[in-house]
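> Please work out how this folds:
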Amino acid sequence: MKFCLRITLESKEDVVREIEINSDIVLSDLHHFIIEVFGLDNKELASFYTVDNELELIEEIPLFSFEEHTPSMENIKLNSLLTEKMDKLLYVFDYMKMWRFLVELIDVEKGFIEKKCTFQIGEIPNEAPEIIFSNEKENDFCSEEEEDEFY
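Sure thing, here's the model as predicted:
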């Protein structure tokens with residue numbers, strides 16, 4: 001099967017790649033292809049994270065396992081995590097700079113010929129965007145002051 005994935009960098013500017021890839025690959029193969037299509041340094045560590053519908057982290061899947069009998073990208077297949085359209089993973093690249101990407105399954109098709117990037121928007125910035133880790137849900141449409149005007 002062929003997976004069509006949309007990979008979006010978490011940043012102020014739109015930086016998106018859509019790729020086609022074999023659904024039967026292991027996550028380390030996807031990791032290397034993401035590095036290729038975004039032009040990232042292949043010497044950095046990374047992790048995928050399973051997430052729920054609100055994008056809350058559930059489980060980390062690192063590039064390499066440092067403990068026995070723990071999952072790693074080398075032993076988990078992509079199609080075991082993404083099974084339906086709109087399923088998502090979070091991909092964090094370079095633990096010092098914390099590049100964060102959303103990986104979404106946007107289509108599933110029969111047959112697979114070769115992996116390729118089918119669509120791209122924007123260029124990756126020189127510096128990783130600042131990430132603020134917060135559990136508070138924010139209203140994207142207006143500030144608190146503006147929100148108060150409506151009540």
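> What residues does Ser23 make contact with?
By Cβ atoms under 8 Å, 6 or more residues apart in numbering, the contact set of Ser23 is 1-3, 78-79, 82, 108, 112. The C-beta positions use only the backbone N, C-alpha and C, and glycine is treated the same way.
> Then Gly39?
For Gly39, the contact set (Cβ under 8 Å, 6+ apart) comprises Ile124.
> hmm, back to that, let's see if you can find the most crowded of the contacts of Ser23.
Phe3 (25 neighbours; other Cβ atoms under 10 Å).
> Pretty sure that residue sits in a strand.
Yes - per DSSP: H, G, I helix; E, B strand; the rest coil, Phe3 lies within a strand segment.
> close enough to count as contact, it and Leu82?
Yes - with contact defined as Cβ atoms under 8 Å, Phe3 reaches Leu82; the gap is 6.6 Å.
> Show me whatever sits in contact with both of these two.
Here Phe3 and Leu82 share the contacting residues 23, 105, scored by Cβ under 8 Å, 6+ apart.
> Hmm, Val108 is touching Lys85, no?
Yes - applying Cβ under 8 Å as the test, Val108 and Lys85 come out as touching, 6.7 Å apart.
> what comes up buried for whichever helix in the chain runs longest?
Longest helix in the chain, counting residues (DSSP state H): helix 27-38. For helix 27-38, burial by neighbour count (16 or more other Cβ atoms under 10 Å) applies to 27-31, 33-35, 37-38.
> Quickly name whichever of those is closest to Phe64.
Ser28 (9.0 Å; Cβ to Cβ).
> Now the closest one. Nearest residue, chain neighbours left out?
Using Cβ to Cβ, 6 or more residues apart in numbering and skipping the chain neighbours, the partner closest in space to Ser28 is Met73 (4.0 Å).
> Could you do Ile21 as well?
Per Cβ to Cβ, 6+ apart, closest to Ile21 is Lys115, 4.7 Å.
> What ranges does this structure have for its helices?
Remark: helices assigned in the chain by DSSP H are 27-38, 144-149.
> Let me see the mean pLDDT of the first one.
Put plainly, it is helix 27-38. For helix 27-38, mean pLDDT rounds to 97.
> Figure out how far stretch 96-109 is from the centre of its chain.
Mean C-alpha position of stretch 96-109 versus that of the full chain (Cα atoms, centre = their mean, to the nearest Å) differs by 2 Å.
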